[in-house]
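Q: 3D, please:
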Amino acid sequence: MRVSLLLLVFLVQSCVLSKGAAAEPQRPNFVVIFCDDLGYGDLACFGHPTIATPNLDRMAAEGMKFTQFYAAAPVCTPSRAALMTGRLPLRNGMCSNKRRVLFPDSKGGIPAEEITIAEALQANGYATACVGKWHLGHLPQYLPTSNGFDFYFGIPYSNDMDRVNDAPKGRAPFWDPKTEYWNVPLMRNSKIIERPADQTTITRRYTEEATKFIRDNKDSPFFLYLPHSMPHVPLFRSPEFEGKSRRGLFGDVIEEVDWSVGQVLDTLRQLELDDNTLVFFTSDNGPWLIFDEQGGSAGLLRDGKGSTWEGGMREPTLAWWPGQVKPGSISRDVGSTMDIFATLHALAGVDLPTDRVLDSHDLTPVLRGAGASSREALFYYRGYQLMAVRKGPWKMHLMTQDAYGPASREAKKHGPPLLFNLEHDPGEQTDIAAKHSDVVESLQAKVSMHLGALVSAESQLESR
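A: Sure, this is the predicted structure:
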C-alpha cells in the first residue's frame, strides 16, 4: 500500500511538472517580408482594382493593416540599413547625397559597429536567415553572414545592376524581362553559386529556401528576413505566373509575391507555428514611377521612389500573429520600419542597446490592441538632408524633390515651409501653412530640437 501511495504521488508530481513545462511559452518566431519598390496602392487590400492578392488579403483579414506606416528613406540602401539597425540612415552611416545606394563597385557597407536585429537575436539563441536582396554591402565583411545571419541565399544588391557590356543604353532593357542583360550574382552564404542569376525563377527559389529554413528550425526560435528582389525593375516572374494578372507584367510579379507570402504562412500553419510567429509584410520605398506601366502605384499618395512626398515613403504594411493580433484590425498610428527593431527585441525579451541613439519604438501595445505607439514624430530624410517632419496629422516640408525621373532635379527649399494635414489631405495637394502659422512655428521648434539633439548625441558617441 505504501509503495502504491508513493507511486501515485510521484505520478501526480510528474504530471504537474510536465504541465508546467508545457505551459512555459516558447519565445516567438519572427518573419519580416520586405518588398522592393512596392507602392502604397499595389495590393488589393490597399485598393488596387485589378491585381489579385488573396494571400495578402487573408493576412490582412487575419491580422492588422497599418495605414500610416513608413520606410525610413525613399531609396534601397538607407532604408534597409534603418530596418536592420532601428536607426536613421544618418546615424548608421548608410546615407549619401552623391550615391544614394551601393553599387557593385562600392567598397563600403554596413559599419561593423552597428548592431543588427539578426545579431541581437542570434546572440540570444535564435536561428537567423536572410533570403533575398541584401544591398548593405557585397564584400565579405558586409554580407549577411557577417552581420548576424546564420544563412544567406540571394542577390547582394539590386537586380538591375551589373549590366553586361553589350546591353543597350538607356531604359530599353527594363522593358523586356526575357533579356539577358543582367550579370547579377546569386549567392549562398558567401559564395556565388550562379551568375547571371536566373531571375525568372528568383521569387520561387527565395520562397523554397525560406520555407525550408522554417521547417529546419521549427523546434527552436527563429528570425527569417525575406527581402524580395521584386517588384524592382527589371521585372521577372516564373513561367507559372506569366500572363496571369489583369495588370500585365507588373501584376504577374505582384501576384507571385502574393503566392510566396501564402507559402510562408501555410508552412507556419502546417507546422503549428502560426500562433507563435509574428509576420510583418512591408517594403523599402515607394514605386519607381519613371517606368510607367512597369512601375507601381502609390494610390492616392503623391509621387514615388526617391521623394519624401508620401508616395515615396508610406508603405502598405501588414502584421499577422494569430491569437495575439486581433483579426481584421486597422492601425492608424504612425509607424516606421525602424520600429520593427525595438518590437522584436521586446517580444524576444532582449534588451535594447544602450550605447547608441535609437530611432525605434516598440509596437507591441499597438499589435495587441493595448495602446498607441510611443512615436511622437517622424523625420523624412533624403541623404543627409532633412526634408520634412510629421507630428500627429501635420506634415511640414522644409525641402521637396521630385521622385526619380528622366532628369535629376535639385531639391527645392521652401520658405516659409509647406504644411499639409495628412488626415484630411493624404495626397498633399493643398498647402495650408498660411492658415496655421502656429503649427508651422511648433514644427520648426521640433526640427530645431531634433537637429540639436542629433549633433549632441553623435558628438558624445564620437568622443567615447
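Q: In terms of helix, strand or coil, where does residue 204 fall?
A: Here residue 204 is recorded as helix under DSSP: H, G, I helix; E, B strand; the rest coil.
Q: my guess is it contacts residue 238, does it?
A: Yes: assessed by C-beta atoms under 8 Å, residue 204 is found in contact with residue 238 at 4.9 Å. Every C-beta, even on glycine, is put in place using the N, C-alpha and C of the backbone.
Q: what about the residue lying closest to residue 72 once chain neighbours are set aside, neighbour count?
A: Nearest residue to residue 72 in three dimensions, chain neighbours excluded: residue 82, at 3.3 Å (C-beta to C-beta, 6 or more residues apart in numbering). Neighbours of residue 82 under the rule other C-beta atoms under 10 Å: 29.
Q: Repeat that for residue 423.
A: Residue 423 has 11 neighbours, counted by other C-beta under 10 Å.
Q: what does the one 3 residues further on give?
A: Neighbour count of residue 426, defined by other C-beta under 10 Å: 21.
Q: Need the per-residue pLDDT for it.
A: In this model, residue 426 is scored at 98, pLDDT.
Q: residue contacts, it?
A: 300, 301, 310 (C-beta atoms under 8 Å, 6 or more residues apart in numbering).
Q: Surely the second one touches residue 309?
A: I take that to be residue 301. Yes: in this structure, residue 301 is within contact of residue 309 by C-beta under 8 Å, at 7.3 Å.
Q: Comparing these two, which residue is more hemmed in?
A: Neighbours around residue 301 and residue 309, counted as other C-beta under 10 Å, are more numerous at residue 309. The numbers are 27 against 22.
Q: any idea how far residue 334 is from the more buried one?
A: In this view, residue 309 and residue 334 are 16 Å apart by C-beta to C-beta, to the nearest Å.
Q: what's the host helix or strand of the residue nearest to residue 72 in contact with?
A: Counting by DSSP states H and E, the element that carries residue 82 is helix 76-85. Under the criterion C-beta under 8 Å, 6+ apart, residues 32, 34, 36, 71-73, 87-89, 91-95, 100-102, 110, 114-118, 134-136, 147, 158, 227, 284-285, 336-338, 340-341, 359, 381, 383 lie in contact with helix 76-85.
Q: Which ones among these map onto strands?
A: Counting by DSSP state E, the part of the contacts of helix 76-85 found in strands is 32, 34, 227, 336, 381.
Q: quick one: which of the residues you listed is most hemmed in?
A: Going by other C-beta under 10 Å, residue 336 tops these with 28 neighbours.
Q: For the residue nearest to that one when sequence neighbours are not counted, the count of nearby residues, please.
A: Spatial nearest neighbour of residue 336, excluding adjacent residues (C-beta to C-beta, 6+ apart): residue 70 at 4.9 Å. Counted by other C-beta under 10 Å, the residues lying close to residue 70 total 26.
Q: Next: residue 277.
A: 24.
Q: same question, the one 4 residues further on
A: Residues near residue 281, counting by other C-beta under 10 Å, number 30.
Q: list the contacts for it?
A: Contacts of residue 281 (C-beta under 8 Å, 6+ apart): 33, 35, 56, 59, 261, 316, 317, 318, 319, 320.
Q: Helix, strand, or coil at it?
A: Assigned by three-state DSSP, the conformation of residue 281 is strand.
Q: Which residues does it form beta bridges with?
A: residue 33, residue 318 (DSSP bridges).
Q: quick one on the thing from earlier: overlap of the contact sets of residue 204 and residue 238?
A: Shared contacts of residue 204 and residue 238 (C-beta under 8 Å, 6+ apart): residue 256.
Q: Run through the strands of the stretch 351-464 of the chain in chain order.
A: 377-382, 385-391, 394-400, 412-421 (DSSP state E, counting those that start in this stretch).
Q: Tell me which of those strands sits nearest to residue 353.
A: strand 377-382 (20.5 Å; C-beta to C-beta).
Q: Just the mean pLDDT for that closest one, thanks.
A: For strand 377-382, the mean per-residue pLDDT is 96.
Q: swap in stretch 203-210?
A: Across stretch 203-210, pLDDT averages out at 98.
Q: do stretch 183-192 as well
A: Per-residue pLDDT values over stretch 183-192 give a mean of 96.
Q: Which residues does it contact?
A: With contact meaning C-beta under 8 Å, 6+ apart, stretch 183-192 is reached by 140, 143, 145, 151-159, 161-164, 193-199, 202.
Q: Please flag which of those residues sit within helices.
A: If you go by DSSP state H, the contacts of stretch 183-192 have residue 202 in helices.
Q: which among the contacts of stretch 183-192 end up buried?
A: 143, 145, 151-159, 161-162, 197, 199, 202 (16 or more other C-beta atoms under 10 Å).
Q: from those residues, which single one is nearest residue 438?
A: residue 158 (43.6 Å).
Q: what does the model give that closest one for pLDDT?
A: 95.
Q: quick one, what contacts it?
A: Contacts for residue 158 (C-beta under 8 Å, 6+ apart) come out as 36, 76, 101, 133, 135, 184, 229, 232.
Q: Kindly report the same for residue 27.
A: If a contact means C-beta under 8 Å, 6+ apart, then residue 27 has 125, 126, 221, 347, 348, 349 as its contacts.
Q: So the fourth one versus residue 341, what's the distance?
A: Computed with C-beta to C-beta, the distance linking residue 347 and residue 341 is 12 Å.
Q: Does residue 247 touch residue 43 like I think?
A: No: taking contacts as C-beta under 8 Å, residue 247 lies outside contact range of residue 43: 11.3 Å.
Q: okay, the two: which has more neighbours?
A: Neighbour count, other C-beta under 10 Å: between residue 247 and residue 43, residue 43 has more, with 27 against 20.
Q: and this structure, what are its domains?
A: For the chain, the structural domains run 25-376, 378-462, going by automatic domain parsing.
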